[in-house]
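Asker: make a model of this:
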Amino acid sequence: MSLLRVTDLQVHYGAINALKGVSLEVEEGSLVTLIGANGAGKTTLLNTISGAVPGSAGSILFRGDEILNELPHLITRRGIAHVPEGRKIFGELTVEDNLRVGAYVQKDKKRINTLIERNYELFPRLAERRRQEGGSLSGGEQQMLAIARGLMSDPTLLLLDEPSLGLAPILVEMVFELIKEINGLGVSVLLVEQNANIALQTATFGYVLETGRITLADNAAALLNNKAVQNAYLGVG
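Answerer: Okay, here's the model as predicted:
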């Protein structure tokens, strides 16, 4: 069943047409990746889905409801969490306070505490550092905190923008194992990632976005073996 369906989405920044009729789907429980070069429109797509950037035409259906140009906090309440590129944690707040900020759509204090403990089980390193300021964490720990903060809204769909950015290879593997674990808990994931190799190894389905248009869509394993994808994004050929 389709959880998210984007159809013929167009986004303009003034005279610039950033997205030119993008269509994609995320099935319930799936892990879908979107790969492409810098400037292809990947971040714009996530920002439009989460309501941070207005769309100029097209449709975004979430659980069958139109959410295009809905206010971001209402989209979050529907069950979509966005972990932006660059982490954007609150460096002066403790780990736990960062998590509580992520729970702003939750009204039940008991539920918030339950979600915090669930995140500490998922990210034991954050539990060890719960009283530390976010800015004192390593890059990998900050990425874990950004993802955990996104999970505090208890989403059905997690939008992840470049989670490997600036991380050492061993930390990239750790973060992607956590992404698979989160997906295994029943959270659907739409992953934007420049590291096409690990993205396609992790995802079940993939899309290639080039200059605002989807140019390829296939099972992730098939895209890994696609000669055009190998030449353009995997350093093969």
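Asker: for the residue nearest the centre of the chain, what are phi and psi?
Answerer: Ranked by distance to the mean C-alpha position of the chain (Cα atoms, centre = their mean), the top residue is Leu160 at 1.5 Å. Backbone torsions of Leu160, given as degrees, to the nearest 10, read phi -120, psi 120.
Asker: state the distance from it to Leu151.
Answerer: Distance of Leu160 to Leu151, given as Cβ to Cβ, to the nearest Å: 11 Å. Every C-beta, even on glycine, is put in place using the N, C-alpha and C of the backbone.
Asker: do Ala103 as well
Answerer: From Ala103 to Leu151 the distance is 10 Å (Cβ to Cβ).
Asker: quick check: neighbours shared by those two?
Answerer: Leu115 (Cβ atoms under 8 Å, 6 or more residues apart in numbering).
Asker: what is the neighbour count of the nearest residue to Ala221 once chain neighbours are set aside?
Answerer: Counting by Cβ to Cβ, 6 or more residues apart in numbering, Ala221 lies nearest to Leu200, which is 7.6 Å off, once chain neighbours are set aside. Neighbourhood size, Leu200 [other Cβ atoms under 10 Å]: 26.
Asker: so Leu200 belongs to a helix, correct?
Answerer: Yes. Leu200 forms part of a helix when assessed by DSSP: H, G, I helix; E, B strand; the rest coil.
Asker: paired strands for whichever strand or helix holds Leu4, with orientation please.
Answerer: In this structure, Leu4 sits in strand 2-13 according to DSSP states H and E. Using DSSP bridges, the strands paired with strand 2-13 are strand 16-27 (antiparallel), strand 57-62 (antiparallel).
Asker: so Met174 touches Glu141, yeah?
Answerer: No. Taking Cβ atoms under 8 Å as the definition, Met174 is not a contact partner of Glu141, at 10.3 Å.
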